[in-house]
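> Sequence first, predicted model second:
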Amino acid sequence: MHRRADALISLRRPFLRASLGACLPSPWYPMTKITEIASGLRFPEGPIAMLDGTVLLVEIERGTLTRVHPDGRTEVVAETGGGPNGAAIGPDGACYICNNGGFAWVRGEGTLRPHMQAEGYKGGRIERVDLATGRVDVLYTHGPNHKLNGPNDLVFDAHGGFYFTDLGKVREREQDRGCVYYAKADGSLIKEVAFPLMTPNGCGLSPDGRTLYVAETWTGRVWAYDITAPGEVVKAPWPAPNGGRLLAGVGDFNLFDSLAVDAAGNVCVATLFNPGITVISPDGARVRHISIAGDAYVTNICFGGKDLATAYVTLSMTGRLVSFPWDSAGAKLNYLNT
């Protein structure tokens, strides 16, 4: 059953404008309640709002791809093991998954959070899941020159390929440098797009497919790359650290996780520790924050429902999937809404 959660969505004071440091005016949304769709999930991430009204998502700690029904029922679609992280529907109707290889976990009373790489970790991978049978096939374990460390999030373009982030893994005294790759869904091609990034996490495409957005977790930045051909982007010169142009950087203790883009081109980034959704205009000039109370790990957002005007959000530390109305349509995703 749907439950009205105690948490409220409200507008915090706007963040600083990324380029000028100027305060921005008034909030977008009036205060409203969220609807809790499901609870008891084991660190949910990667939501996909399916056309039949269900939501596919991964449970990272459980190592599964899970289907959530509108009444809150859940069923396991596939067992991937490791750490399934991001998910997207591909050109063949299968679900493609970024598997980070697994985390160690810190367990509290009713809470769960990741902590460094898992004991016995062997590497990351890109997987294909047949939604009819639950069969899991590994497509990629290596890039052109390096193994995949911690694939995190992915987005399909209109040419049968997908961009994905490799956030890397964290160990007690060191952590990997991150990367963005482009790969074909049939397993025939993988290439490096951007390197190095500091914990690249969410990625998405502008509504016209011409711009790739990548969020970095620990810097609280979003980078933009102009796409010239599938898997090819314009690289900004030094001092750009990774060839991207800085769309926004919000500062304070705002850690960026996964993202979605709405039909107006706004980049909507799930935000940790100042929990909520940070909304960045396509030119980076306007940055607003929608606060979601009750969970420090607001990890992902997708759009679905009638006119793609419902936001589905994963609250991972407390294991919940929630929804609330968005004030505009989400951008259509290739092979899902088109």
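Ah, there it is. Numbers count the residues shown, from 1 in each chain.
> check which helix or strand covers residue 66.
Remark: residue 66 resides in strand 64-68, with elements defined by DSSP states H and E.
> Now do the same for the very next helix or strand once past that strand: mean pLDDT, whole number.
Following strand 64-68 in sequence order, the next helix or strand is strand 74-79 (DSSP H and E). Here strand 74-79 scores 98 as its mean pLDDT.
> Alpha carbons only: can I get strand 74-79 in CSV?
In CSV, the C-alpha atoms belonging to strand 74-79 read as follows (Å, rounded to 0.1, in the frame of the first residue of the first chain):
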residue,chain,number,x,y,z
THR,A,74,8.7,-6.6,-4.7
GLU,A,75,10.1,-9.5,-6.8
VAL,A,76,13.6,-10.4,-7.7
VAL,A,77,14.2,-10.3,-11.4
ALA,A,78,17.8,-11.4,-11.4
GLU,A,79,20.6,-12.1,-8.9
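> Just list what the helix or strand just after that strand packs against, helices and strands only.
Beyond strand 74-79 on the C-terminal side, the first helix or strand identified by DSSP H and E is strand 84-89. Counting contacts by 3 or more C-beta pairs under 8 Å, 6 or more residues apart in numbering; DSSP states H and E, strand 84-89 is packed against strand 44-49, strand 55-59, strand 64-68, strand 95-99, strand 151-156, strand 161-166. Quick note: C-beta positions are derived from backbone N, CA and C, even for glycine.
> still on that earlier bit, show me what the strand holding residue 66 packs onto, helices and strands only.
Here strand 64-68 touches strand 55-59, strand 74-79, strand 84-89, going by 3+ C-beta pairs under 8 Å, 6+ apart.
> Residue 332 is nearest to which of those?
Across those, residue 332 has its closest neighbour in strand 84-89 (12.0 Å, C-beta to C-beta).
> just checking, residue 41 touches residue 64?
No. Here residue 41 does not reach residue 64: they are 9.7 Å apart, not a contact under C-beta atoms under 8 Å.
> wait, what's in contact with the closest residue to residue 160 other than its chain neighbours?
The shortest distance from residue 160 to any non-neighbouring residue, by C-beta to C-beta, 6 or more residues apart in numbering, is to residue 91 (5.1 Å). Going by C-beta atoms under 8 Å, 6 or more residues apart in numbering, residue 91 touches 156, 160, 185, 334, 335.
> So what sits opposite the nearest residue to residue 330 once chain neighbours are set aside in the bridge?
Nearest non-adjacent residue to residue 330, counting by C-beta to C-beta, 6+ apart: residue 303, 2.3 Å away. Applying DSSP bridges to residue 303 gives these bridge partners: residue 311.
> so how many other residues sit close to residue 303?
25 (other C-beta atoms under 10 Å).
> tell me the contacts of it?
Residues near residue 303 by C-beta under 8 Å, 6+ apart: 49, 260, 262, 309, 310, 311, 312, 326, 329, 330, 331.
> Number of residues surrounding the nearest residue to residue 131 once chain neighbours are set aside?
Of all residues not flanking residue 131 in the chain, residue 95 sits nearest, at 5.8 Å (C-beta to C-beta, 6+ apart). Using other C-beta under 10 Å, residue 95 is surrounded by 23 other residues.
> what does residue 97 give?
For residue 97, using other C-beta under 10 Å, the count is 27.
> Which strand residues bridge the closest residue to it other than its chain neighbours?
Nearest residue to residue 97, sequence neighbours excluded (C-beta to C-beta, 6+ apart): residue 127, at 4.5 Å. Note on residue 127: beta-bridge partners by DSSP bridges are residue 97, residue 138.
> So for residue 16, what pLDDT did the model give?
Per-residue confidence (pLDDT) for residue 16: 33.
> what ranges do the strands span in the stretch 151-300 of the chain?
For the stretch 151-300 of the chain, strands defined by DSSP state E, counting those that start in this stretch occupy the ranges 151-156, 161-166, 178-184, 190-197, 200-205, 211-216, 221-229, 232-233, 245-249, 255-261, 267-272, 276-280, 287-292, 298-304.
> Just checking: what are the partner strands of the fourth one?
For strand 190-197, the pairing partners within the sheet under DSSP bridges are strand 178-184 (antiparallel).
> Export the strand it pairs with to CSV, keeping only CA atoms.
Coordinates of each C-alpha in strand 178-184 appear next as CSV, following Å, rounded to 0.1, in the frame of the first residue of the first chain:
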residue,chain,number,x,y,z
GLY,A,178,37.5,7.7,-12.1
CYS,A,179,36.7,7.6,-15.8
VAL,A,180,33.9,7.8,-18.3
TYR,A,181,33.5,5.2,-21.0
TYR,A,182,31.4,4.6,-24.1
ALA,A,183,30.4,1.1,-25.1
LYS,A,184,28.1,-0.8,-27.5
